[in-house]
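Novice: build me a model:
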Amino acid sequence: MKKIVFAGGTHCGKTTLVEYFAKEGYGTVPESGIVIINECIERVGWDNYRSWRLAHQDIFVQQMLEKQVRFEEDALALKKSPYVFYDRGIIDYFSMAKHLNVSFDEKFAEYARTSRYDAVFLCEPLSHFDSREKAGRTFTRKDSTLLTTLAGSLYREFGYEPIHLPDIPIPERVAIIKRTIAELFPNDPLRPRMSLPE
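Specialist: Numbers count the residues shown, from 1 in each chain. Okay, the predicted model is just below:
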């Protein structure tokens, strides 16, 4: 099983890519941040969510990291899928912690050093940026650009060489991903089962 990460800041097209490969029948790992946001809104209510998050950034990051580890460990059971596509990897959340100036337990860094990905695609923020405040997002386009830069630097620190995905239409991004995977893993080709999205 090959583990493929789509990394980057908010509104970089990561989820769209994960959804594409899910429709092709591959295993996927959801973005733990969105799950935590939804759980927080359910717990404290929409009106209190933003103030709670701003006052508890350290707890918010810790919860995302814990959820990410759980999701990644669950993904190991997807042995029938030759590829599993990740909507962010754990190192993305290190970049978020750094951006928010909060610390996290060293055990997560150790996890990242021992639980390796097979390829990381770094997605640039999309030009038609949508902050998606109604979905609980709090980051701006500037935040997203900084997070993407931080993620690239941190993945390199952990020994990866992220593959750049520019702000281009999804079919073109998918073509780059498939071509790159074919070059990296010639013995384990992706087997497309649907046409590219319009």
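Novice: what helix or strand does the residue of the chain positioned farthest from its centre sit in?
Specialist: Most distant residue from the mean C-alpha position of the chain: residue 47, 26.7 Å away (C-alpha atoms, centre = their mean). In the assignment (DSSP states H and E), residue 47 maps to helix 46-55.
Novice: likewise residue 149?
Specialist: helix 141-157.
Novice: what residues does that helix touch?
Specialist: 7-12, 89, 91-92, 94-96, 98-99, 120, 122-125, 129, 131, 139, 162 (C-beta atoms under 8 Å, 6 or more residues apart in numbering). Where C-beta positions appear, they are placed from N, C-alpha and C, glycine not excepted.
Novice: from the residues you listed, which land in strands?
Specialist: Among the contacts of helix 141-157, the members found in strands (DSSP state E) are 7, 120, 122, 123.
Novice: what sits closest to the third one if chain neighbours are left out?
Specialist: Closest residue to residue 122 apart from its sequence neighbours, by C-beta to C-beta, 6 or more residues apart in numbering: residue 162 at 3.8 Å.
Novice: can you pull the contacts of the one you found?
Specialist: Listed by C-beta under 8 Å, 6+ apart, the contact partners of residue 162 are 7, 120, 121, 122, 151, 152, 155, 156.
Novice: buried only: go through the residues you listed for me.
Specialist: 7, 120, 121, 122, 151, 152, 155 (16 or more other C-beta atoms under 10 Å).
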